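>>> Got a predicted structure plus its sequence, pasted below:
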Amino acid sequence: MSQTAVLVWLSASAISPGFRADLDAFAQSRLLRLEAPRENAASFAAPAYAPDVVAQIEVLLEEARNATASLEQSRALAALEHADRLLHEHPELPQAAWLMAEQLELTADVESTAPDGASASATLRTRAATLEGARATPFSDHALGVEPQAPASHPVSADGVEPGDTLEWDGVHTGPELSTAAGEHHVRVSRNGRLLWAGFVVVGENALRVRLPVPETPACSLDDIAAGHFAEGRALAAPHARCESYVLARGRADGGIDAALCEREVCGKVVVWQPGTTRSDGAAATGHGWPRWATYTVIASAGVLATGLVLWRAGVFDRPAPGPASTNFIYMGQVKPMGFGF
């Protein structure tokens, strides 16, 4: 009875008939049935940049400036509230922290014109400084009253960010261990160039940790194991891989394929699959060098399988030399929690 396997081809070109025959022979010898790999975690609901939204926010901010200068506080506050609503609806914007800080500063300008608005104005400016840092003191024809204090920073751990993720905190790239002030902050998290989560979070006065609801990487997805590769005759597993069993494989310039069985972050020896010949470990290619209990995922191209994916990253996967440019592919999948020998 065949076991399930998933095929994804890692190359700029389609699988050649020779390599396809090697893959078929390898799969048949292991009683494998090929299918698509697991899907990556879904991207953020609105991952694309929205220039029309940015333009609308900037128009609202300019309207608030003009209304404040004309002493039309009600019109200014209405425009600023609209801008605030748009920014919270579109946290995917990379400049959202700075736009929000400007919205807070303009609101503070409006509050400062009220007879008893000095304290509220200072609070708003402190919130703005929390998002973008302290500004130079602006020229003003009226007293600011209570001067805003620079927000004090303290160490905070951003939970939910995985190794390799890109974390942007108030528009600045940082690691999950950071120093920040209490208050509202804008956060974006990307994985392999895809925006996975964005939003505004509030850090408490004495909080040491903040939980970010970033989707986890599914085991045996491309995000999980696609970074596995060959280097100097060795198979190197993807860092922090969760897949219980997968095979790294690539085409050889002299025919056949190189393959290595991996579990999570550890790969076994690289062996040569050339039906009818011997492998690099001295066992016959048609022998029992691989456990039959394993369920593999094989990486293959959309041009070969309708469910396949094309993935190419220049320089990530090495090429065997000498000889013409080689192709690279990975077998990967799920198994029972059993060990194997290298």
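Cool, got the structure.
>>> Can you tell me what sits against the lengthiest helix in the chain?
Longest helix of the chain, by residue count under DSSP state H: helix 51-69. With Cβ atoms under 8 Å, 6 or more residues apart in numbering as the test, helix 51-69 has contacts from 73, 75-77, 79-80, 82-83, 86-87, 90, 93, 95, 99, 102-103, 106-107, 109-110, 113. The C-beta positions use only the backbone N, C-alpha and C, and glycine is treated the same way.
>>> Which among these count as buried?
Neighbour-count burial (16 or more other Cβ atoms under 10 Å) applied to the contacts of helix 51-69 gives 73, 75-77, 79-80, 82-83, 86-87, 90, 93, 99, 102-103, 106-107, 109-110.
>>> Touching, Leu106 and Glu81? I think so.
No: using Cβ atoms under 8 Å, Leu106 makes no contact with Glu81, being 11.2 Å away.
>>> Next, the buried residues of the longest helix of the chain.
Neighbour count says helix 51-69 has 53-54, 57, 60-61, 63-65, 67-68 buried, by 16+ other Cβ under 10 Å.
>>> ok, now stretch 152-163?
156, 158, 160-162.
>>> what does stretch 234-251 give?
235-238, 241-251.
>>> For that stretch, measure first residue to last.
15 Å (Cα to Cα, to the nearest Å).
>>> Averaged pLDDT, it. What do you get?
In this model, stretch 234-251 has a mean pLDDT of 85.
>>> got JSON lines for the buried residues of stretch 152-163, with pLDDT, secondary structure and distance to Ala46 too?
Formatted as JSON lines, the buried residues of stretch 152-163 follow (pLDDT from 0 to 100; DSSP: H, G, I helix; E, B strand; the rest coil; distance: Cβ to Cβ, whole Å):
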{"residue": "Val156", "pLDDT": "97", "secondary structure": "strand", "distance to Ala46": "26"}
{"residue": "Ala158", "pLDDT": "97", "secondary structure": "strand", "distance to Ala46": "21"}
{"residue": "Gly160", "pLDDT": "96", "secondary structure": "coil", "distance to Ala46": "19"}
{"residue": "Val161", "pLDDT": "97", "secondary structure": "coil", "distance to Ala46": "20"}
{"residue": "Glu162", "pLDDT": "96", "secondary structure": "coil", "distance to Ala46": "21"}
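>>> From what I see, Leu23 and Ile257 are in contact.
Yes: using Cβ under 8 Å, Leu23 makes contact with Ile257 at a distance of 7.4 Å.
>>> Tell me the one among the buried residues of stretch 234-251 nearest to Asp223.
Distance to Asp223 across the buried residues of stretch 234-251 (Cβ to Cβ) is lowest for Ala238, with 9.0 Å.
>>> which residues does that closest one contact?
Ala238 makes contact with 224-228, 265 under the criterion Cβ under 8 Å, 6+ apart.
>>> what's the most distant pair in those?
Using Cβ to Cβ, the pair of these lying farthest apart is Ala226 and Glu265, separated by 14.0 Å.
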